[in-house]
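J.: Return a 3D structure for these sequence lines:
(one chain, ligands or ions: 1)
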Amino acid sequence: MKKTRHCCSLLLISLMIVLSAASACLGGCGTPAQPAVREVKIAVLTYDDYDTFVNSVTRHMTRWCRQKEKEDDVRITIDIVGAKKSQLTQNDQARNYIQDNYDVLCVNLVDRTDASGIIDKAVASGTPVIFFNREPVSEDLYRWDQLYYVGAIPSQSGELQARIITDALSDPDKFDGIDVNDNGTIQYVMLEGEAGHQDSLVRTSVCTNSIVNAGFSLEKLGDEYANWDRDQARAKMKELIDRYPFQIEMVIANNDDMALGALDALTECDYPLDPFVVGINGTPEALEAVRTMKMDGSVYNDAKSQGETIMEMAYALGQGLPVPDTVELTFDKYVFTPYSIITYDNVQEYLNNEND
Ligand code: BGC
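T.: Numbers count the residues shown, from 1 in each chain. Okay, the predicted model is just below:
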């Protein structure tokens with residue numbers, strides 16, 4: 001009796017070995033079977049809910065995920081939350097996502113000089129972080145090899161914004177149209193984004209320095225922070241208009257929303273001059289304003305490519321894989337998308353791309 005039971009168990013064990021070998025072979029003889037990925041959980045933390053450009057980056061992230069889910073047999077959870085401009089709130093949000101076992105964090109810092117709260121938690125839990133749009137200081141980024149940054153080079157946007165202006169000023173007819181008081185100097189106002197933001201500091205100085213270095217004379221009438229926001233820019237511009245009722249020949253804005261806010265104010269105040277107005281980003285509303293010649297130009301900040309690149313990286317890092325070869329890393333850490341010039345002459349191409 002005992003012997004028969006022993007024989008049966010031996011038979012059963014041999015059968016199991018044969019079956020498991022067969023199933024391993026079905027999974028692809030010679031290649032190790034890959035565990036099927038069921039779900040990748042990506043948390044996206046933004047500095048605020050109301051930023052036009054950042055929202056356009058996150059829209060492209062969501063689109064990328066939905067498309068990837070169709071292509072691969074995978075479920076991607078993407079959760080997007082704003083921090084209402086509080087770094088402490090964002091630190092708490094990061095902690096909660098880590099506790100909820102999110103695989104990777106994509107962080108648009110509130111205060112780009114204060115990344116340590118998030119980095120400490122990420123390192124301790126082994127959760128990779130891709131910072132975007134608001135660039136942490138390099139000392140923070142180099143604290144761990146699973147920290148990255150995706151954005152664009154601020155000086156390039158300042159240079160290209162200056163190029164739009166110097167191209168116009170180099171044409172004598174256009175110069176005369178801008179220099180309405182005919183004194184050979186362009187009186188301008190500057191609308192800046194946010195104190196401490198890399199894109200405000202660098203865009204402002206590089207743009208004006210490049211115009212002066214190109215041989216043109218500038219006179220700054222006013223310089224105001226409007227926090228990237230159309231309504232704040234409109235209010236600040238109204239104050240500038242009150243101070244300089246006939247002098248403003250040019251408005252240089254660190255982004256399109258503020259350029260559009262300046263235009264709102266000029267229209268509402270029935271400003272007697274038609275200043276040259278330039279922004280940065282190439283938002284749909286700004287493209288339309290360039291097409292209808294209300295704005296004189298903008299610099300394209302590639303939200304689509306930034307959003308898609310962040311997701312390609314997040315999808316890989318969240319599964320414990322390296323950054324894909326298709327993503328071009330600078331110094332093993334940074335991805336910078338190129339800026340480009342938008343004027344009336346090429347705006348249609350950008351409008352067509354928007355509708356793709
Ligand atoms: C964009 C702004 C945006 C800001 C937010 C900049 O790169 O040009 O429009 O408000 O980032 O951080």
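
J.: Tell me the confidence at the closest residue to the ligand within the stretch 101-250 of the chain?
T.: Per C-beta to the nearest ligand atom, residue 228 is where the stretch 101-250 of the chain lies closest to the ligand, at 3.3 Å. C-beta coordinates here come from the backbone N, C-alpha and C atoms, glycine included. On pLDDT, residue 228 comes in at 98.

J.: same check, this time on residue 37
T.: Per-residue pLDDT puts residue 37 at 57.

J.: any idea which element the residue of the stretch 101-250 of the chain closest to the ligand lies in?
T.: Counting by DSSP states H and E, no helix or strand carries residue 228.

J.: Let me see the contact set for it.
T.: 51-53, 193-194, 254-255, 257-258 (C-beta atoms under 8 Å, 6 or more residues apart in numbering).

J.: at 7 Å what do you get?
T.: Neighbouring residues of residue 228 by C-beta atoms under 7 Å, 6 or more residues apart in numbering: 51, 193-194, 255, 257-258.

J.: From the residues you listed, which land in helices?
T.: 257-258 (DSSP state H).

J.: could I get the contacts of residue 228 as CSV with neighbour count and distance to the ligand?
T.: Output for the contacts of residue 228, formatted as CSV (neighbours: other C-beta atoms under 10 Å; distance: C-beta to the nearest ligand atom, whole Å):
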residue, neighbour count, distance to the ligand
51, 21, 5
193, 24, 6
194, 19, 7
255, 31, 4
257, 29, 6
258, 33, 8
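
J.: Just the closest of the contacts of residue 228 to residue 162, please.
T.: residue 255 (15.5 Å; C-beta to C-beta).

J.: Leaving aside the residues adjacent along the chain, what's closest to the residue of the stretch 101-250 of the chain closest to the ligand?
T.: Closest residue to residue 228 apart from its sequence neighbours, by C-beta to C-beta, 6 or more residues apart in numbering: residue 193 at 4.7 Å.

J.: Do I have it right that the one you found meets residue 204?
T.: No. Residue 193 is beyond contact range of residue 204, at 8.7 Å (criterion: C-beta atoms under 7 Å).

J.: Please work out which residue of the stretch 1-150 of the chain is closest to the ligand.
T.: For the stretch 1-150 of the chain, C-beta to the nearest ligand atom, closest residue to the ligand: residue 53, 3.6 Å.

J.: contacts for whichever strand or helix holds that residue?
T.: Counting by DSSP H and E, the element that carries residue 53 is helix 52-71. The contact list for helix 52-71 (C-beta under 7 Å, 6+ apart) reads 44, 46, 74-76, 78, 80, 108, 132-133, 255, 257, 281, 283, 301, 303-304, 306-308, 310-311, 315.

J.: Could you do stretch 204-212 as well?
T.: The contact list for stretch 204-212 (C-beta under 7 Å, 6+ apart) reads 155, 158-159, 161-162, 165-166, 190, 192, 218, 252, 254.

J.: Over to stretch 138-156 now: how far is its first residue from its last?
T.: Here the two ends of stretch 138-156 are set 19 Å apart, with distance taken as C-alpha to C-alpha, to the nearest Å.

J.: in that stretch, what counts as buried?
T.: Neighbour-count burial for stretch 138-156 flags 140-141, 143, 146-156 (criterion: 16 or more other C-beta atoms under 10 Å).

J.: Take these and write them to TSV, including distance to residue 97 and secondary structure.
T.: Listed next are the buried residues of stretch 138-156 as TSV, based on distance: C-beta to C-beta, whole Å; DSSP: H, G, I helix; E, B strand; the rest coil:
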residue	distance to residue 97	secondary structure
140	19	helix
141	20	helix
143	19	coil
146	15	coil
147	16	strand
148	17	strand
149	19	strand
150	19	strand
151	21	strand
152	26	coil
153	29	coil
154	28	helix
155	33	helix
156	32	helix
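
J.: how about the residue nearest to the spatial centre of the chain, phi and psi?
T.: Nearest residue to the geometric centre of the chain (C-alpha atoms, centre = their mean): residue 133, 4.1 Å. The phi and psi values for residue 133, taken as degrees, to the nearest 10, are phi 70, psi -40.

J.: Same check on residue 175?
T.: The phi/psi pair for residue 175 (degrees, to the nearest 10) is phi -60, psi -50.

J.: Not counting sequence-adjacent ones, nearest residue to it?
T.: residue 169 (5.1 Å).

J.: Strands of the stretch 201-350 of the chain, residue ranges please.
T.: Ranges of strands in the stretch 201-350 of the chain, per DSSP state E, counting those that start in this stretch, are 217-225, 250-253, 276-278, 298-300, 334-336, 340-342.

J.: hmm, the last one touching the ligand?
T.: Going back to what we said before, that points to strand 340-342. No. Using C-beta under 6 Å from any ligand atom, strand 340-342 stays clear of the ligand, coming no nearer than 13.3 Å.

J.: ok, now the fourth one?
T.: No. Interface with the ligand: strand 298-300 contributes nothing (C-beta under 6 Å from any ligand atom), its closest point being 8.9 Å away.

J.: what's that strand packed up against?
T.: Applying 3 or more C-beta pairs under 7 Å, 6 or more residues apart in numbering; DSSP states H and E, one finds that strand 298-300 contacts helix 154-169, strand 340-342.

J.: interface residues of the stretch 151-300 of the chain facing the ligand?
T.: Counting by C-beta under 6 Å from any ligand atom, the stretch 151-300 of the chain sits next to the ligand at 197, 199, 228, 255, 280-281.

J.: show me what contacts residue 221?
T.: Residue 221 neighbours (C-beta under 7 Å, 6+ apart): 187-189, 240, 244, 247-248.

J.: try 10 Å this time
T.: Residues in contact with residue 221 (C-beta atoms under 10 Å, 6 or more residues apart in numbering) are 187-190, 240, 243-244, 247-250.
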